[in-house]
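[1] Pasted the sequence and its predicted model underneath.
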Amino acid sequence: MSDPFVIIGAGECGLRAAQALRERGFAGEITLVGNEPHLPYERPPLSKDILTGAATPTPRTVSDAAALAAAGIACLTQAPATRIDRTARWVELADGRRLPYARLLLATGAIPRCLPVAGDGKRVLTLRSFDDALRLHPHLLPGRHVVVIGGGFIGLELAASARQRGATVTVIEAQPRILARNVSEAIAQVVADRHRSGGATLICGDGITDLRATAQGVAVSLTNGRCIEADVAVVGIGVVPATKLAEDAGLAIENGIAVDATLATSDPDIFAAGDCCSFPLDLYDGRRIRLESWRNAIEQGRLAAANMLGANERNSSVPWFWSDQFDLTLQVAGLADMASRQVRRDLGRGAFILFHLNGDGRLVAASGIGSGNAVAKDIRVAEMLIARRATPDPAQLAHPDFKLKALLAA
Amino acid sequence: MPHWIRVCGADDIDAEDVIRFDHDGRSFAIYRSPEDAYFATDGLCTHEQVHLADGLVMGNIIECPKHNGRFDYKTGEAKGAPVCLNLKTYPVKVEDSAVLIDLD
C-alpha cells in the first residue's frame, strides 16, 4: 500500500481514529502501536467497576482482535515507539522496527505524576492503566487501609470504590477542599459529604512531607506533623501529557503537543489528539486548553482521522466530562473558569445544576450533581446552548419547572 | 399473539421526550416523537446498561445520558461510537388516550 498511516497510542483515542479512517473509506495500511500488553480498552471503568468487582478483573476491550483484523487495523501491543524521523518519515519502535508513515497521529495520552518514595515503592501506586488497576485491586479489602493522595476525580473515584469493597480509606488533599481545580464549592461539598457518609476520612489543607515504605506497607507524613500508616498509598495528583516523542522530534510543545484547531501539529503531516495535546477552542476565543477526558479522546480521535484525510475540519466541541462516585454522578460541560456568576437550578432529591455565565450573560459552562443520571438531560441541553453561545435568561435557568429544551428552539 | 400492556396516558409523555417503563423485571423506554407518534425500545443502553429514559430526545434520536451514544428510537438503530449494537424495539399503539406496548 502506498499511504501507510501510523497511530502512536493504542488507547480509546488512537483506536477511534483508526476506526474513523476506515469509516471514511481510507484503504491504506493503518498501524496502531501501543506500550501496553492489551488491545485498546476502556479506561473509565478502571477506577470504578474494575475495582468494585470481587473477581480478578479483565480489561474491557473496545475492539477485539477479530474486529481489528476485520477492519484491517494492525495493532502492535508492547511496542513502545522510541523515535520519529520527520525527514525520512518513519517511526522507530523499541525493538528496532521502522514503520514508514504518510500521516502520523500522536495519541500518546498522559502519564500520572508521582511522588518520591523512600524505600521500596511497591506499596505506592498510581492509577492510569489496566495493569495499575490490577495491582491495586487485591488491596481493596476489609481490614486494609488505603491512603489516597489527591482529592481529584481519579483519587475520589477510587476512594469510593475502595469503600465499596470495605477497605478503610483516607483521602489527603493539599488544597483547602477537594476538587478545587475542577468544580464549584457547592458541588465539591456534596461529594465530600457523600464520601464522609460512605465512611472515608477526608483530610484537606495538608500536604505530604514524606512518603516511605514500611515493613507493613507505607507511612505518609503530613505538613501538620501527623503520620498515617497504611497498607497502600495511591497517588492521584494529576498527569503530565506524554510529549517526549514529539519533543525529541522537534514539534512545538505548549502544555502538551501544540496543535491547531484541526489537530495538526507544527508538522502538517503529524497530528495529535486526546490527553497529550493542547488545542485552541474557537468557542472560547481561541483559548488553548488541554483536556483529559474520555469523550475528548473519542471526538479528537475522530476529528484527527478526518483531517489526516484532508477534511480540514475545526474542533468545535464543548468540553464535557463526568465522574461517578458511590451513587452520585457529576457532569460538567464547558469551562466554568470563564464565568463571573453562577445560577443554581434545583432538580429535586438533592440534584442540582449550576449554570455559569460570563459578564455578557453568555452561558459558558454548566455543572451538576445528583444520584444516577439526574443531571444528564439538563447538562446535555446546556452543552448545546454553550455551543451556540446562548445568553439565556437566568430566571428561566433557575426555575425548576421551566423546560430548558425550550431554549433550544429560540 | 400480541400481548398489549398499558404504559401510561398519552399525555403523560411530552412531545419529543421519553419516559421509563418497568414491567415484569424488565425496563423499557417509551418515546413520543415531535410529530406525536409513540415508540418503545429496550430501556437500557446497549453500551453500559444505563437507563435511556434519563437521556435527551432530539427529533428521532435518543441520546444515552452517560456517554452520548445515539440511537434512532423509531428503528433502534445505533448511530455510531461508542454504541454499535442496535436497540430492540416494540410495537406501540394509543387507545382511549392510553399508550400500550406489545411485549410479545
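    Structure received.
[2] Which is the succeeding secondary structure element to the top helix by length along chain A?
    Determined from DSSP state H, the single longest helix within chain A is helix A:294-308. Next helix or strand after helix A:294-308 toward the C-terminus (DSSP states H and E): strand A:320-325.
[3] in its sheet, what does that next one sit against?
    Strand pairing for strand A:320-325, using DSSP bridges, gives strand A:328-334 (antiparallel).
[4] quick one: the longest helix of chain A to strand A:320-325, angle?
    Taking axes from the mean of the first three to the mean of the last three CA atoms, to 10 degrees, helix A:294-308 and strand A:320-325 form an angle of 150 degrees between their directions.
[5] which stretches of chain B form strands?
    B:4-9, B:17-23, B:26-32, B:38-42, B:56-58, B:61-63, B:70-72, B:89-90, B:92-95, B:98-102 (DSSP state E).
[6] Looking at these, which is nearest to chain A?
    Shortest separation from chain A across the strands of chain B is recorded for strand B:56-58, at 4.6 Å, computed as CB to the nearest CB. (Glycine included, C-beta is placed from N, CA and C.)
[7] what residues does chain B put near chain A?
    Applying CB under 8 Å from any CB of the partner chain, we find that chain B lies next to chain A at B:14, B:16, B:50-51, B:54-56, B:63, B:65-68, B:81-82.
[8] now with 6 Å?
    Taking CB under 6 Å from any CB of the partner chain, the part of chain B that reaches chain A is made up of B:54, B:56, B:65.
[9] And for the first one, the neighbour number?
    B:Asp54 has 20 neighbouring residues, counting by other CB atoms under 10 Å in any protein chain shown.
[10] Surely it is in contact with A:Val375?
    No. Look at B:Asp54 against A:Val375 with CB atoms under 6 Å: they stay out of range, at 9.2 Å.
[11] Would you pull up the residue in the stretch 51-200 of chain A closest to chain B?
    Of all residues in the stretch 51-200 of chain A, A:Val62 sits closest to chain B, at 8.0 Å by CB to the nearest CB.
[12] Nearest residue to that residue in space, ignoring adjacent ones along the chain?
    A:Pro40 (4.8 Å; CB to CB, 6 or more residues apart in numbering or on different chains).
[13] per-residue pLDDT, the closest residue to A:Glu313 other than its chain neighbours?
    Once flanking residues are discounted, A:Glu313 sits nearest to A:Ala306: 5.3 Å by CB to CB, 6+ apart. If you check A:Ala306, the pLDDT there is 98.
[14] do the same with B:Val50
    The predicted local confidence for B:Val50 is 87.
[15] Now it. Nearest residue, chain neighbours left out?
    B:Lys66 (4.4 Å).
[16] what about the chain, any weak spots by pLDDT?
    Just going to use chain A. A:1-2 (pLDDT under 70).
[17] other chain: chain B
    Applying pLDDT under 70 to chain B flags the ranges B:81.
[18] centroid residue for it?
    The residue lying closest to the centre of chain B (CA atoms, centre = their mean) is B:Ala29, at 3.2 Å.
[19] and it, what are its bridge partners?
    Per DSSP bridges, the residues bridged to B:Ala29 are B:Arg20, B:Thr41.
[20] Please tell me how far it sits from B:Asp17.
    With distances taken as CB to CB, to the nearest Å, B:Ala29 is found 11 Å from B:Asp17.
[21] And A:Tyr101, by the same measure?
    Distance, A:Tyr101 to B:Asp17, by CB to CB: 48 Å.
[22] Equivalent analysis for A:Leu283, please.
    Separation of A:Leu283 from B:Asp17 (CB to CB) stands at 28 Å.
[23] Same question for A:Asn296.
    29 Å.
[24] what about these two, which has more around it?
    Applying other CB under 10 Å to A:Asn296 and B:Asp17 shows that A:Asn296 carries more neighbours, namely 24 against 18.
[25] Can you name the residue of chain A nearest to chain B?
    A:Ala376 (3.2 Å).
[26] The closest residue to that residue other than its chain neighbours: neighbour count?
    Spatial nearest neighbour of A:Ala376, chain neighbours left out: B:Pro65 (3.2 Å); criterion: CB to CB, 6+ apart. Neighbour count for B:Pro65, taken as other CB under 10 Å: 26.
[27] just the strands in the stretch 1-150 of chain A please.
    Remark: strands assigned in the stretch 1-150 of chain A by DSSP state E, counting those that start in this stretch are A:5-8, A:30-33, A:73-76, A:81-85, A:90-93, A:98-100, A:103-106, A:110-112, A:124-125, A:145-149.
[28] ok, A:Asn182 to A:Pro44 distance?
    On the measure of CB to CB, A:Asn182 and A:Pro44 end up 16 Å apart.
[29] and what of A:Tyr284?
    Counting by CB to CB, the gap from A:Tyr284 to A:Pro44 is 25 Å.
[30] For the closest residue to chain A within chain B, which residues are in contact?
    The nearest approach of chain B to chain A comes at B:Pro65, 3.2 Å away (CB to the nearest CB). Counting by CB atoms under 6 Å, 6 or more residues apart in numbering or on different chains, B:Pro65 touches A:373, A:376, B:54-55.
[31] Pull the contacting residues for A:Gly199.
    Contacts of A:Gly199 were listed using CB under 6 Å, 6+ apart, and they are A:Arg163.
[32] run the last query once more with 10 Å
    A:Gly199 makes contacts with A:162-164, A:166-169, as judged by CB atoms under 10 Å, 6 or more residues apart in numbering or on different chains.
[33] How about A:Ser129?
    A:11, A:35-38, A:41, A:43, A:46, A:59, A:109, A:112, A:135.
[34] Among those residues, which ones are in helices?
    Reading helices off these with DSSP H, I get A:Arg135.
[35] re earlier: please identify every residue contacting each of B:Asp54 and A:Val375.
    By CB under 10 Å, 6+ apart, the residues touching both B:Asp54 and A:Val375 are A:329, B:65.
[36] related to what we said a few turns ago, just send the strands of chain B back as TSV, with distance to A:Phe352 too.
    Below are the strands of chain B laid out as TSV (distance: least, CB to CB, whole Å):
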stretch	distance to A:Phe352
strand B:4-9	27
strand B:17-23	21
strand B:26-32	25
strand B:38-42	29
strand B:56-58	18
strand B:61-63	21
strand B:70-72	27
strand B:89-90	34
strand B:92-95	34
strand B:98-102	31
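[37] out of those strands, nearest to A:Ile270?
    With CB to CB, the closest approach to A:Ile270 among the strands of chain B belongs to strand B:70-72: 31.1 Å.
[38] Contact partners for A:Trp322?
    So A:Trp322 contacts A:44, A:153, A:293-295, A:329-333, A:368, A:373, A:375-376, A:379, B:65-67 (CB under 10 Å, 6+ apart).
[39] Mark which of those are buried, thanks.
    Buried members of these, counted by 16 or more other CB atoms under 10 Å in any protein chain shown: A:44, A:153, A:293-295, A:329-333, A:368, A:373, A:375-376, A:379, B:65-67.
[40] which residues of the stretch 251-400 of chain A fall in strands?
    Counting by DSSP E, counting those that start in this stretch, the strands of the stretch 251-400 of chain A are A:257-258, A:270-272, A:277-281, A:287-289, A:320-325, A:328-334, A:341-348, A:351-357, A:363-371.
[41] out of those strands, deepest packed?
    strand A:270-272 (a mean of 28; mean count of other CB atoms under 10 Å in any protein chain shown).
[42] hang on, the earlier thing: I'd like the strands of the stretch 1-150 of chain A laid out as JSON lines, including distance to A:Arg349.
    Below are the strands of the stretch 1-150 of chain A laid out as JSON lines (distance: least, CB to CB, whole Å):
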{"stretch": "strand A:5-8", "distance to A:Arg349": "44"}
{"stretch": "strand A:30-33", "distance to A:Arg349": "44"}
{"stretch": "strand A:73-76", "distance to A:Arg349": "44"}
{"stretch": "strand A:81-85", "distance to A:Arg349": "49"}
{"stretch": "strand A:90-93", "distance to A:Arg349": "52"}
{"stretch": "strand A:98-100", "distance to A:Arg349": "53"}
{"stretch": "strand A:103-106", "distance to A:Arg349": "44"}
{"stretch": "strand A:110-112", "distance to A:Arg349": "35"}
{"stretch": "strand A:124-125", "distance to A:Arg349": "36"}
{"stretch": "strand A:145-149", "distance to A:Arg349": "28"}
